[in-house]
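Enquirer: I'll drop the sequence and a predicted model, then ask my questions.
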Amino acid sequence: MPWMVFLLGLLLLGGTTFSAQAGKEGQSRFPTITGPCDFVFPDAHGAHPDHRIEWWYYTGNLRTPQGRPFGFQLTFFRSRMHAPGTVTTHGEQRSTWRTAQLHPAHFAISDLESETFHYEKRTVRAAVNLAGVSRQGDDVLVHQGGWSTVIGPDQHAIQAATVDLGLDLRLIPKKPVAIQGNGGYSRKGSRPESASCYYSFTRLAADGTVRVGDQTFPVTGEAWMDHEYASNLLEEGLVGWDWFSVQLDDGWDLMAFRLRPDEQRARLGQGGWAGGGLIDPQGRVTPLEPEDLRFTPGRTWTSPRSKATYPLWWEIAVPKVELSLTISPRMLAQELVSEPGSGGVTYWEGAVEVRGARSGEAVSGHGYAELTGYAGPVPLGPGSAE
C-alpha cells in the first residue's frame, strides 16, 4: 500500500479467496517474480492480469489557498481469483458476467482542520466494463465505477466521488519514475519469490479540487503514487506491515517498510523483513536493505471503533546516509474500518508530519503511513483464504 508496503494494495485480499490447490495436479500456477522486472513504459502502467494481486496507489497532502489542509488516499486494486489455466467448479460456461478478476477500491479524505475522516471501500467484478484497465494511445486508464486514474506521459488525472466526498486532481511528476529494489524487484522476505514488481512516482505536484459534503475546495499540494504487482508476496508467520512515504522539504524522498512476524517468531528472532528506497532531488534511487533501516515505534493511539492500538509516532533511521526522522500523525482518527463479517481488513492509513536531520542538517516534510495487522492478523500468503 500500501504498500506495500507499505504493501498496501494487499488489503484487497480481504475480499478474495485463493485456492491452495492452484498450481497442483496439472493446473497452472501464478507467475512468480524472482528478478528484475524490465519495466517498459507506458506498458508497465497497465495491468499484469496473470499475477494474483496488483494496485495503483495514490496518497497526498493538500491545502487550500487559505491554508486549510487535507490528506487523501485513492487506491485501485486488481485481484485474480484463480491461477491462469485453472479449471474452476463453474467449468467453461461463458457469460459477460464471468471474470477471473475482482477490482476493489478504497477512497479516503482526511479533513485535517475539522479532524474528520471520511472513506468508502467497494469491490466490483471486472465484467461488463464495471471496472478494468485499458490502453488509450499513450494513456492507461484504470477505473472502477466512476472512480478512475488516467496515467499519461506527462500527468496523472485521478477522480473519485461519493454522495459525501469528491476528489478531482491533476498530478504532474516532478521527478522521473523511481524503480524500487533491484530493477523493480522488491524483496518481501527470505525466499526469492517473496517479492513484487514495484515502481513509484515519489513527487507529484497536485492541483484540483476536494469536496466534503456540499463544500468544494480548490487545492494544491504533493502526492505520491505506487504501482505494484505480485503473486507470492508475503511469507507465513507475518501479522502485518508498517509502510511510510516521506517527502522532505530539501527535495529528498523516502519509502520505507517493515513486515512484522507473529510473537513466537519475533521471540526467536525469525521472520519479518524490511526495505525501501531513498530518492535524491534528481530522482536517483538508492535501494535500502533490511540492515539499512531502523524502526522504533513510540506512542500509541487506541481506536474507539475497532479497539485496535496503533503506534502512530515513529523514529526511522537510515544510519548509512546519516538520516534520522521523527514521524507523527497529522490527525489521530485516520482508520478505515471493515465491519465484522465483511471479510475486509481494518487498517490505519493517514497523513503524517516529518522532522529530523540528514547529514547533520535539520529537515522537515510530510508524507503518508499505512499500519496493518493491529486490528488482527492480515490473512495473507500463498494459499491463504479469507
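Expert: Here it is on my side, so go on.

Enquirer: pretty sure residue 125 is touching residue 104, no?
Expert: No. Using CB atoms under 8 Å, residue 125 is not in contact with residue 104, being 10.6 Å away. The way it works is simple: take the backbone N, C-alpha and C, and place the C-beta from them, glycine included.

Enquirer: more neighbours, those two?
Expert: Counted by other CB atoms under 10 Å, residue 125 and residue 104 do not tie: residue 104 has more neighbours, with 24 against 16.

Enquirer: can you give me the end-to-end distance of stretch 174-188?
Expert: End-to-end span of stretch 174-188 (CA to CA, to the nearest Å): 28 Å.

Enquirer: same question for stretch 328-347.
Expert: OK, stretch 328-347 end separation, CA to CA: 17 Å.

Enquirer: now it: mean pLDDT?
Expert: Averaging pLDDT along stretch 328-347 yields 84.

Enquirer: stretch 125-144 too?
Expert: Stretch 125-144 comes out at a mean pLDDT of 87.

Enquirer: check stretch 210-225 too.
Expert: What stretch 210-225 shows for mean pLDDT is 97.

Enquirer: in the stretch 1-150 of the chain, where is pLDDT below threshold?
Expert: For the stretch 1-150 of the chain, the stretches with pLDDT under 70 are 1-28, 86-98, 127-128.

Enquirer: buried residues, the longest strand that the chain contains. List them.
Expert: Ranked by number of residues, the top strand in the chain under DSSP state E is strand 195-212. With burial defined by 16 or more other CB atoms under 10 Å, the residues of strand 195-212 counted as buried are 195-204, 206, 208, 210-212.

Enquirer: cool, and stretch 257-265?
Expert: 257-262, 265.

Enquirer: walking through the stretch 151-300 of the chain, point out its helices one by one.
Expert: 263-267 (DSSP state H, counting those that start in this stretch).

Enquirer: quick one, strands of it?
Expert: Ranges of strands in the stretch 151-300 of the chain, per DSSP state E, counting those that start in this stretch, are 156-161, 165-173, 178-179, 185-187, 195-212, 215-230, 238-248, 253-261, 273-279, 285-288, 294-297, 300-302.

Enquirer: now render those strands as TSV, adding distance to residue 55.
Expert: Shown next, in TSV, are the strands of the stretch 151-300 of the chain (distance: least, CB to CB, whole Å):
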stretch	distance to residue 55
strand 156-161	14
strand 165-173	17
strand 178-179	16
strand 185-187	13
strand 195-212	10
strand 215-230	6
strand 238-248	12
strand 253-261	14
strand 273-279	17
strand 285-288	20
strand 294-297	23
strand 300-302	26
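
Enquirer: ok, which of these comes nearest residue 361?
Expert: strand 238-248 (10.6 Å; CB to CB).
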